[in-house]
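Chemist: Sequence and predicted model, in that order:
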Amino acid sequence: MICSSTPHILIRIQIYLTEELVKEASPSSLSSFYSSSLQLQAYHSPLLSWKKDKPIGSEAKGWSEIYSFISRDMYAQETRAFIFGDMGCATPYKTFIRTQQESKSTVKWILRDIEALGDKPSFISHIGDISYARGYSWVWDEFFAQIEPIASKVPYHVCIGNHEYDFPAQPWKPDWAASIYGNDGGGECGVPYSLKFNMPGNSTELTGTNAPVTRNLYYSYDAGSVHFLSISTETNFLEGGTQYEYIKRDLESVNRDKTPFVVVQGHRPMYTTSNEVRDTTIRQKMLEHLEPLFVKNEVTLAIWGHVHRYERFCPISNNTCGKLWKGSPVHLVVGMGGQDWQSVWAVRPNHPDLPIFPQPEESMYRTGEFGYTRLVANKDKLTVSFVGNHDGEVHDTVEMLATGEVISGSKDDAKSSNTAAAPAPVEVTSGSKDDTENPNVQTVPASATFVGKSEANDGSWFIKGAGLMVMGVVLGFIAGYFTGVKKGSSARNRWIPVKSEEI
């Protein structure tokens with residue numbers, strides 16, 4: 001393990017530059033890290049020859065294919081991002097470790113959206129639990145090979161998660177976190193995370209005994225009309241600590257005329273209806289130490305991973321729903337990027353006549369489907385849409401206006417409307433609310449009614465619904481006939497209990 005005194009892992013990150021690009025770079029712009037004790041070598045190069053709204057690349061032959069991308073106009077007001085967590089990777093061969101096959105679909109649909117944008121810049125934010133390598137360096141290789149089609153076109157931002165960092169002897173591990181921070185990092189101690197990525201960071205902390213100082217733990221940046229702040233839930237975030245002071249200074253210094261919206265990103269969620277009780281204490285600490293900063297500085301949106309589902313909350317503070325995001329940030333859990341160990345919702349005790357998995361009022365939409373979110377913003381509005389992997393279409397949307405209003409569908413709208421969800425253009429302005437109590441059902445919420453907007457209702461849904469009903473009756477009759485012949489088989493209806501889960 002990397003963080004012990006006797007490391008046995010070899011990790012190399014090599015970025016080869018063509019002679020043409022090396023000549024463009026100043027001697028001080030190329031950085032590297034080498035550790036004989038870690039047997040680790042890493043190279044980083046900055047982006048060269050910035051040209052606003054122009055493709056960047058080189059026609060010179062190098063060590064790999066030639067790639068190009070569209071740089072962001074620092075004065076643009078529009079923001080486009082693709083955000084998810086807990087994706088991992090698949091391998092083209094069988095292996096002894098668990099891989100995430102669904103991650104391929106996430107990459108496929110995001111690539112579709114990036115290509116549809118054409119010359120409009122965007123970026124990706126992967127909120128922790130990145131490759132699930134957990135000490136196996138070849139898994140990192142497979143992960144980067146899988147994301148290459150998208151990471152070669154847009155910036156790839158990351159947050160640190162438990163599977164990049166946690167280890168028994170980590171530097172910060174208070175008594176209340178003894179059962180929270182385990183050995184999920186597999187001995188990596190944040191070192192591959194720190195060296196394989198180069199975020200615009202402000203941290204100067206060590207992640208392990210033999211590890212280099214990392215700047216990827218917490219950082220912030222502006223993109224269009226949005227100020228993004230990425231934080232670490234795996235290292236000290238309590239009041240009085242270095243990260244807390246950074247978060248406080250950063251939020252207090254945001255220019256709301258330039259960036260009217262503020263988005264905070266971190267791995268472990270502050271709000272979730274998952275029954276994963278191990279993190280109960282850390283959520284309480286986040287509510288105690290971080291939520292007051294979010295509320296005071298009017299954070300618009302908080303996005304989390306760790307729970308391998310998608311869930312959207314109302315504007316909320318102190319576990320109470322509000323009407324405006326100003327003073328009550330909207331919270332999203334987006335850990336549905338690919339990891340297939342799904343944490344179940346909190347179970348309702350003594351429920352003979354009620355659903356076993358109740359959905360609290362503060363949970364506006366939740367589903368067990370894999371996918372990702374799109375964020376689109378300008379000076380007037382920030383919109384987030386959840387795209388499901390099974391069809392690549394939008395299943396939930398919420399709008400946050402610069403005035404503070406939060407616009408989304410209601411539970412009654414989702415129950416009563418039969419209008420299908422809209423297809424998935426990149427810039428979506430509709431919303432939905434789904435109260436499906438069964439987390440194993442893949443939900444396709446209906447279109448919603450918005451304040452100041454009329455609901456489409458042309459009657460076409462009735463014709464479509466009637467046709468589907470007739471087809472269902474016919475198919476049901478056929479299926480009933482054949483299954484009735486074999487009704488002696490009891491295994492067909494046997495209940496399969498939920499297995500223990502890993503998040």
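Modeler: Yep, that arrived.
Chemist: make it CA atoms for all contacts and neighbour counts henceforth
Modeler: Fine.
Chemist: ranges for the strands of the stretch 301-450 of the chain?
Modeler: 301-304, 310-317, 320-321, 330-334, 363-367, 371-377, 381-388, 394-401, 406-407 (DSSP state E, counting those that start in this stretch).
Chemist: tell me the secondary structure for T280?
Modeler: In the three-state summary, T280 is assigned as helix, counting by DSSP: H, G, I helix; E, B strand; the rest coil.
Chemist: so who does it touch?
Modeler: Under the criterion of Cα atoms under 8 Å, 6 or more residues apart in numbering, T280 has no neighbours.
Chemist: I'd like the strands of the stretch 301-450 of the chain written out as a markdown table, with mean pLDDT and distance to L354 added.
Modeler: Listed next are the strands of the stretch 301-450 of the chain as a markdown table, based on pLDDT from 0 to 100; distance: least, Cα to Cα, whole Å:
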| stretch | mean pLDDT | distance to L354 |
| --- | --- | --- |
| strand 301-304 | 99 | 29 |
| strand 310-317 | 97 | 21 |
| strand 320-321 | 97 | 24 |
| strand 330-334 | 98 | 25 |
| strand 363-367 | 94 | 17 |
| strand 371-377 | 98 | 29 |
| strand 381-388 | 97 | 28 |
| strand 394-401 | 96 | 25 |
| strand 406-407 | 96 | 29 |
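Chemist: out of those strands, nearest to V226?
Modeler: Comparing the strands of the stretch 301-450 of the chain by their distance to V226 (Cα to Cα), the top pick is strand 371-377, with 7.3 Å.
Chemist: and the closest one, C-alpha only, in PDB?
Modeler: Below are the C-alpha coordinates for strand 371-377, written out as PDB (Å, rounded to 0.1, in the frame of the first residue of the first chain):
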ATOM      1  CA  GLY A 371     -27.400   8.000 -15.500                       C
ATOM      2  CA  TYR A 372     -25.900  11.400 -15.100                       C
ATOM      3  CA  THR A 373     -27.000  15.000 -14.800                       C
ATOM      4  CA  ARG A 374     -26.700  18.000 -17.100                       C
ATOM      5  CA  LEU A 375     -26.300  21.500 -15.700                       C
ATOM      6  CA  VAL A 376     -27.100  24.500 -18.000                       C
ATOM      7  CA  ALA A 377     -27.000  28.000 -16.700                       C
END
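Chemist: which strands and helices sit next to that strand?
Modeler: The helices and strands touching strand 371-377, judged by 3 or more Cα pairs under 8 Å, 6 or more residues apart in numbering; DSSP states H and E, are strand 79-84, helix 103-117, strand 381-388.
Chemist: partners of M400 in the sheet?
Modeler: M400 forms beta bridges with L382, V406, as assigned by DSSP bridges.
Chemist: so it makes contact with K379?
Modeler: No. Under the criterion of Cα atoms under 8 Å, M400 lies out of contact with K379, with a separation of 11.0 Å.
Chemist: neighbour count winner among those two?
Modeler: The neighbour count for M400 versus K379, taken as other Cα atoms under 10 Å, is higher for M400 (25 against 19).
Chemist: Please give me every residue in contact with the more buried one.
Modeler: With Cα under 8 Å, 6+ apart as the criterion, the residues that contact M400 are 300, 325, 381-383, 406-407.
Chemist: ok, the closest residue to I356 other than its chain neighbours to T320 distance?
Modeler: If the residues on either side of it in the chain are set aside, I356 comes closest to R348, at 5.1 Å by Cα to Cα, 6 or more residues apart in numbering. According to Cα to Cα, to the nearest Å, R348 and T320 sit 20 Å apart.
Chemist: Ok, T259 next?
Modeler: Using Cα to Cα, which is the criterion applied here, T259 is 26 Å from T320.
Chemist: what about the two, which has more around it?
Modeler: Summary of the neighbour comparison: T259 and T320, criterion other Cα under 10 Å, with T259 having more neighbours (19 against 11).
Chemist: and the nearest residue to that one once chain neighbours are set aside, how many residues sit next to it?
Modeler: Nearest residue to T259, sequence neighbours excluded (Cα to Cα, 6+ apart): S225, at 4.3 Å. Other residues near S225 come to 26 when the count uses other Cα under 10 Å.
Chemist: I'd say S225 and N255 touch.
Modeler: No. With contacts counted by Cα under 8 Å, S225 stays clear of N255, the gap being 10.1 Å.
Chemist: Okay, now the unreliable bits of this structure?
Modeler: Segments of the chain classed as low confidence (criterion: pLDDT under 70) are 1-64, 208-209, 342-343, 409-503.
Chemist: Assess the claim that I147 and V107 are in contact.
Modeler: Yes. Distance between I147 and V107: 6.7 Å, which falls inside the contact criterion (Cα under 8 Å).
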